[in-house]
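J.: Sequence unavailable; structure follows:
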């Protein structure tokens, strides 16, 4: 059964182990649950961007549009009296997905810069729209009165964040599993093909645009669900879920972790959040300086994010004495 | 009506000076430099320090802002940017965002988080009436200065040897190298000039746009819009795009204040859907 | 016999300049036909018109009697018109096996399946390995494409085009870039192409053309100068003047 | 992960140490925007809070006060998360800070659920204190500030006004209450402009104001943005066209007023605090603040200073009981003399009751100051008084 294998052999034990880490964290850091919950939501958001960027090669500076749409969709639904969380999440994903499908048509062509700016523009327009639609979104003051019912009718969202933690954890695991199946499927292979050589893909008869649109929609849905998770666990939605900063942050998180490998999003989210937390613990005012320094050094000495760094170190270890970093730096 | 137009033009011209360096960096070096605004911020703070703390006249601050920002540009280009020309766009984005963070925290540390203000010299403060429109001297000054700079840049680009080399390098870097053009020196000089212009723009902008440590990111979106809409293969494109954006933004806020900020994004997305390479690109 | 690929009055103008002018081709099924012409004769333009990369200014293209002039490139591929590129168009980060599986998935319309793993398509993987084996690439099936020697990559280009199961295959300078001493492998491969695939060979290299072609079309300044059997073309004074003569000087 | 472990360990260590000292350590958690566009607000509140502790020591009623400051960068979900963590981690007994309305709103459910008092030291939308029984405020509300100038203007020859406010809750609060009071007193609001919160250029709006031909411009923008407005007002020659500039004190924030230059001279605003307020308490406050930061304190700073004072006083009054209910009960009705003048906490709304001063920008000792020349005493928040 080992031959013939198209994909690299999945390393199930390690992956399962990886997803047990949050469970361990639950018991090890019981006082940091809100932080870890936020981290997991950010990770899910970053994984959704990875589908779009890492696998399909669509550079986006407006991914927060879908995160924010999901957050508002779930938030408004709960505010209007439908407080059941799971259906709220589905609704969040659906709303974001529909908008992803509609706007996805616009990002199919053009260079990196063009896509960057079109996604940014769409994101900013949504931001402005949410700001203006005071009656629906609460405008710049945020959405008040989000009442979420107990999860499965039994688990109240508590002040210690226990329910929120397991809820976000389940969301992350389930959607990560979906994303993982997706990238290892024929569709995922097709996306990698489109990303590396679009011309060849259309010469193979591939409906390139259709596939890109599909993955953009899926990415939007996942981002929407991540947004919905945030709205339901914090029971509050404010305009900054749609902001440019949030789009830039998730891009940063993904690039930090290493795009195009799913785990990059998660690793990036953990690294970013921990760095932020620790640095701002040391210096409330100037943590940005150190974060900036880390980013700069990382790019100078380790391309491909943290996972890229791990790869480089592994290669170097395998090669023994020869320096693995040297040829990379020469390039 | 005329006032709105002149305001728009002045705003647009200022944007052009701020953004034109970025358009060259992106077009020539294919480098996504999100830290461009940081150089503008350098120029702004240079002006604030010299004018407020050292009592240097405003007009003398402008060249100093240019020179110091250019210097900062060339040092960073030679030491750091140069290593990343071949890196992926994403690495460049992460690197330059890192630089922005550093720049903002540094500015905060030395200059404080609050807004910095300057007092213009007396002769730039008044207004002149044309018909029933009132136009401030300072805006005329900006239009004039930036207009001259734009003409000068266009001249330098089309009529000088340096400009010819630059255009050759934009069209095809490999061929340019083959012709014996020292591309890396060309890059350094261009980067310095671009950063210097941003610095000058920052200095001129303190009065109109305000200055605090978030300056480095606050206007980045506008710069990117200018570059994306204008295209990257000439400076005429970004120039026209800046004017369009400036006038559109000001007029939008004047006539339909309710959706003012919506307009520029709508324009941009519209333009890019129809012309993905930019409104004024040749290809 | 009805031609499998046919053009009528096919033209393409850029501004006032005609890169292809009133081109009429009629290619018989199963034939090995070559398209030659000096630099700037419009060969590349013609290929792009046939594959649909460029829209035609005038005229029609028929594939097996069906008008495909307005179809986008990928639709033409699905109707059986496949091509190789003069400059390799491969997936540097994928393995040859992955690339061929990808090509077969596209052909079979499986590329939208997103739930089952790629590996689950056993018959696809099987076919891919067979195709790689046919061209001696099975030994490197799991290496990164970018790490393969150039000649091997050139073969993979051919395998990918064939994996679409074309009825007509456009070969755009298949031996380009391969040092003449090492071109044996690719020449063999071209020679072994199945007879049920019609081949249109766009080529510069006269040796290659006269070795394989059963019929030759000469293109000059966007127009068909002459068409005929190889020996007729070789003797044609006009062709010698504009093309072979020029070639001889180089 | 290691870092988190370290933090937890540190927290445990601190708690252990405090226990050993046999008197309870009461943690006060300030959540403020310390970076980003609203950083100056956060810095001012933090500095003033620290100043209060410096002046009054960290011991009150046998307890030791420990101040914890965290940066929420101005993002509401971060504010909420930090609030939740501060409370859950056990240490924090009182929350404070809150630079902007949405940030305060986001944290309100945490205060309510955890029964932890939450002292709003900056955000100024009227409704905030209604969001939880545990919220008290030491800053001000916009209706409070706006009403002063709305009373003053019609009596001083200003009959028609254009309002220009930042488009978010405080701005709308200001617009609403100003318009209401101003019209009731016989004034006329010609046009109402709302400018985006993040707005790089005021010139088109200002041109509109000018074209309206009104007698005065009423302005509210968040602290820090005022200078741009002021410049535009002058650049357009609105003053020469006979238009007056009035507003709440935010636009002539003491923090940057002096840099605004002659453009600001003559601006009349109503507000609860001026660094030029003439009292012994204020002199101590101003000189202490200057020594600590090198800057002049502004109204954000006084909110932070009084916020700490309220917390200290509540702890003292509540005696040994430092649970949320006792503390908030102690805060209700509390009154003291602040650097801004006499203030008290309304026992019903837990909002601040204070004097609103009418001030004019003048030059004093070579610096620009808001010089108070009239006062409306003991103003309750009109935003809630009506309901």
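T.: Structure's in. What do you need? Bear in mind that the values here come from a model prediction, so they are computed numbers and not experimental data.
J.: Check which helices and strands the helix or strand harbouring residue A:315 is in contact with.
T.: Per DSSP states H and E: residue A:315 is located in helix A:305-319. Here helix A:305-319 touches helix A:244-257, helix A:263-282, helix A:287-301, helix A:325-330, going by 3 or more CB pairs under 8 Å, 6 or more residues apart in numbering or on different chains; DSSP states H and E. Using the backbone N, CA and C atoms, a C-beta is placed for each residue, glycine as well.
J.: now with 10 Å?
T.: With contacts defined as 3 or more CB pairs under 10 Å, 6 or more residues apart in numbering or on different chains; DSSP states H and E, helix A:305-319 has these neighbours: helix A:244-257, helix A:263-282, helix A:287-301, helix A:325-330, helix B:89-111.
J.: list the buried ones in the second one?
T.: Translated: helix A:263-282. By 16 or more other CB atoms under 10 Å in any protein chain shown, the buried positions in helix A:263-282 come out as A:263-280.
J.: so what's the closest residue to chain C within chain A closest to, chain neighbours aside?
T.: In chain A, the residue that lies nearest chain C is residue A:205 (3.4 Å; CB to the nearest CB). Once flanking residues are discounted, residue A:205 sits nearest to residue C:77: 3.4 Å by CB to CB, 6 or more residues apart in numbering or on different chains.
J.: Repeat that for residue C:12.
T.: What sits nearest to residue C:12 in space, not counting adjacent residues and going by CB to CB, 6+ apart, is residue C:20, at 4.4 Å.
J.: Work out for me the element that neighbour sits within.
T.: strand C:17-27.
J.: Name every strand pairing with that strand and say which way it goes.
T.: strand C:5-14 (antiparallel) (DSSP bridges).
J.: can you give me the strands for chain C?
T.: Assigned by DSSP state E, the strands in chain C fall at C:5-14, C:17-27, C:32-36, C:58-63, C:66-67, C:81-83, C:168-172, C:198-202, C:215-220, C:223-228.
J.: Just give the strands next to the shortest one in its sheet, each with its orientation.
T.: Read that as strand C:66-67. With DSSP bridges as the test, strand C:66-67 is paired with strand C:58-63 (antiparallel).
J.: Outside of the partner strand itself, which residues are in contact with it?
T.: For strand C:58-63, the external contacting residues (CB atoms under 10 Å, 6 or more residues apart in numbering or on different chains) are C:2-13, C:20-26, C:49-52, C:67-71, C:76, C:79-81, C:167-168.
J.: Buried among these? Make that a PyMOL selection.
T.: Applied in PyMOL, the following selects the buried portion of the contacts of strand C:58-63 according to 16+ other CB under 10 Å:
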select buried, chain C and resi 3+4+5+6+7+8+10+11+12+20+21+23+25+26+49+50+51+52+68+69+71+76+79+80+81+167+168
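J.: For residue 222, which non-adjacent residue is closest in space?
T.: You didn't say which chain, so I picked chain A. Among residues not flanking residue A:222 along the chain, residue A:48 sits closest, at 3.5 Å (CB to CB, 6+ apart).
J.: Sorry, I should have been clearer: chain D.
T.: In space, residue D:222 is closest to residue D:166, 5.9 Å off (CB to CB, 6+ apart).
J.: Low-confidence ranges, the chain, go.
T.: This is for chain A. Low-confidence segments of chain A, defined by pLDDT under 70: A:1-11, A:319-331.
J.: Please refer instead to chain C.
T.: Residues of chain C that meet the criterion pLDDT under 70 lie in C:1, C:243-250.
J.: again, but for chain D
T.: In chain D, residues with pLDDT under 70: D:1-23, D:90, D:197-201, D:224, D:385-387.
J.: what about the residue of chain A closest to chain C, how many neighbours?
T.: 24 (other CB atoms under 10 Å in any protein chain shown).
J.: Likewise for residue C:61?
T.: Burial measure for residue C:61: 24 neighbouring residues, criterion other CB under 10 Å.
J.: Name whatever forms a beta bridge with it.
T.: residue C:7.
J.: Residue A:110 contacts residue A:116, correct?
T.: Yes. Between residue A:110 and residue A:116 there is a contact at 9.2 Å, judged by CB atoms under 10 Å.
J.: Who has more neighbours out of these two?
T.: Legend: neighbour count by other CB under 10 Å for residue A:110 and residue A:116, higher for residue A:116 (24 against 19).
J.: for that one, what are its contacts?
T.: By CB under 10 Å, 6+ apart, residue A:116 lies in contact with A:58-62, A:107, A:110, A:251, B:32, B:89, B:93, B:224, B:228, B:272.
J.: now residue A:82: how far from residue A:227?
T.: The gap separating residue A:82 from residue A:227 is 17 Å, by CB to CB, to the nearest Å.
J.: Of these two, which one has the most company?
T.: residue A:227 (35 against 16).
J.: Go ahead and confirm the more buried one touches residue A:92.
T.: Yes. Here residue A:227 reaches residue A:92: they are 6.2 Å apart, a contact under CB under 10 Å.
J.: of the strands of chain C, which approaches residue A:74 most closely?
T.: Checking the strands of chain C against residue A:74 by CB to CB gives strand C:81-83 as the closest, at 47.6 Å.
J.: Kindly reformat the strands of chain C as CSV containing distance to residue A:193.
T.: Output for the strands of chain C, formatted as CSV (distance: least, CB to CB, whole Å):
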stretch, distance to residue A:193
strand C:5-14, 27
strand C:17-27, 29
strand C:32-36, 29
strand C:58-63, 24
strand C:66-67, 27
strand C:81-83, 16
strand C:168-172, 20
strand C:198-202, 25
strand C:215-220, 32
strand C:223-228, 36
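J.: if we compare those, which one ends up closest to residue D:192?
T.: strand C:5-14 (57.0 Å).
J.: Off-centre distance for the closest one?
T.: The chain centre lies 18 Å from the centre of strand C:5-14; the measure is CA atoms, centre = their mean, to the nearest Å.
J.: Which is the succeeding secondary structure element to the host helix or strand of residue B:156?
T.: Here residue B:156 sits within helix B:137-159, counting by DSSP H and E. As assigned by DSSP H and E, the chain's next helix or strand after helix B:137-159 is helix B:161-171.
J.: now the strands for the stretch 201-350 of chain D?
T.: Applying DSSP state E, counting those that start in this stretch to the stretch 201-350 of chain D gives strands spanning D:216-220, D:244-248, D:268-271, D:335-338, D:341-345.
J.: show me what contacts the closest residue to chain A within chain C?
T.: With CB to the nearest CB as the measure, residue C:77 is the residue of chain C nearest to chain A, at 3.4 Å. Contact analysis of residue C:77 by CB under 10 Å, 6+ apart lists A:202-206, C:51-52, C:71, C:83, C:106-107, C:161, C:164, C:166.
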